[in-house]
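Asks: Just a sequence and a predicted model for now, questions to come.
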Amino acid sequence: QNPERCRRARIPEESRRFLTKSEIVLNLLDEADRWGVPYRGIASAAAYGSDPLFLAALEKRGVEYLVTVPEQFEIQAARRRSLSGESAKAAVARLTDNAWQTVPGARSAGYDSRNLWARVMGWRVASTGPEAFGWLVAERAPDRRSGPVRYYFTNARPQTSLSTLVRLARRIARIDEFYQFAKSDLGWSHYEGRLWHGLHRHALLVFLAHSFLLLHRSRQSR
């Protein structure tokens, strides 16, 4: 809102307007589509899963997503006769013990390979009624009392396996791993400049360094 400071920081005219995080993501996604950047889908944390407009925008673009959602997230189970929605917590609470299963995989930050997973097929419910069809996925510790249940929603196709959904859900942990490692080892939080292009160059170098190290680690593991 300060044109003179924006000018001194060399912020381009087209970027001098406020955007929410969801709007920034959608703009980046559209840019990736224009550039032909390949991607399987979108995996994100709860800040985006709680935004129905963001999910609707992804659905309109035909993008497959898996997002963390709060326990109040509403779903209309496919096998329920009622047309009204219910909370994710209530839908998962009805599941029997044999609906939960372990899904092998590498351990990641905040995740345990011993955790149990289950899912419920249905529609996500917005203020206007049922929207995208997909899966409500739940994750919990083997002992129900040892931690909270995590909830996810995805618009993946009905034939998508639970192991595939779990693999996508575990990708979300990689976001936090990146932030922690980038700040502690790659200088992500060390930028002290005042220019728009300098900030973006700094971010680009951090991402390139992280990508290089991931590639190097992958080659070593083989």
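Replies: That came through, no problem. Residues are numbered from 1 along each chain as shown.
Asks: contacting residues around the spatially most central residue of the chain?
Replies: Nearest residue to the geometric centre of the chain (CA atoms, centre = their mean): residue 44, 0.9 Å. By CB atoms under 8 Å, 6 or more residues apart in numbering, the residues touching residue 44 are 25, 65, 67, 68, 172, 175. Bear in mind the C-beta positions are built from the backbone N, C-alpha and C, glycine included.
Asks: now residue 187
Replies: Residue 187 touches 202, 206, counting by CB under 8 Å, 6+ apart.
Asks: Now it: which helix or strand?
Replies: Assigned by DSSP states H and E, residue 187 belongs to no helix or strand.
Asks: Show me what counts as buried in the helix ranked longest in the chain.
Replies: When every helix of the chain is counted residue by residue (DSSP state H), the longest turns out to be helix 196-221. Applying a neighbour-count criterion of 16 or more other CB atoms under 10 Å, one finds 202, 206, 210 buried in helix 196-221.
Asks: starting at the chain centroid, how far to it?
Replies: 20 Å (CA atoms, centre = their mean, to the nearest Å).
Asks: Next: stretch 125-133.
Replies: 19 Å.
Asks: First residue to last residue on it, what's the distance there?
Replies: 10 Å (CA to CA, to the nearest Å).
Asks: State the mean pLDDT of that stretch.
Replies: Stretch 125-133 comes out with an average pLDDT of 86.
Asks: now do stretch 188-199
Replies: Mean per-residue pLDDT for stretch 188-199: 92.
Asks: same check, this time on stretch 153-163
Replies: 93.
Asks: can you list contacts of it?
Replies: By CB under 8 Å, 6+ apart, the list of residues contacting stretch 153-163 reads 41, 49, 55, 58-59, 64-67, 69, 73, 75, 88, 101, 103, 117, 119, 121, 124, 132-137, 164-165, 168.
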